[in-house]
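Chemist: sharing a sequence plus its predicted fold:
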Amino acid sequence: MATSKQTAQPTPPIAVSPDEAARLAGIGRTSLYAALAKGDLKSIKIGTRRLIKIEAIHEWLASYQTGAE
């Protein structure tokens with residue numbers, strides 16, 4: 001009799017650190033921090049920790065999308 005094992009899928013994060021956001025977006029930290037400083041990329045601050053929502057990264061990157069695909 002075959003038994004089935006359920007593997008728990010990790011829940012993807014809803015927010016990441018600026019360093020992780022830069023890695024996910026494929027850009028350098030300097031470019032990401034410049035976007036934060038200009039207000040182009042939204043972030044949240046909890047205590048001393050700055051987090052960037054994954055949704056905000058997608059929206060920010062989409063704003064750079066060109067029509068030529």
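Modeler: Looks like it arrived, so ask away. Numbering: from 1, shown residues only.

Chemist: contacts and neighbour counts: CA atoms only from here.
Modeler: OK.

Chemist: ok so Leu36 is a helix residue?
Modeler: Yes - applying DSSP: H, G, I helix; E, B strand; the rest coil, one finds Leu36 inside a helix.

Chemist: residues contacting it?
Modeler: Contact analysis of Leu36 by Cα atoms under 8 Å, 6 or more residues apart in numbering lists Lys42, Ser43.

Chemist: go on, Ile54?
Modeler: The contact partners of Ile54, by Cα under 8 Å, 6+ apart, come to Pro13, Ile14, Ala15, Val16, Ala21.

Chemist: which parts of the chain are helices?
Modeler: Here the chain has its helices, by DSSP state H, at 18-25, 29-38, 54-62.

Chemist: centroid-nearest residue for the chain?
Modeler: The chain has Ile54 as the residue nearest its centroid, 3.6 Å off, counting by Cα atoms, centre = their mean.

Chemist: pLDDT score assigned to that one?
Modeler: Looking at Ile54, its pLDDT is 97.
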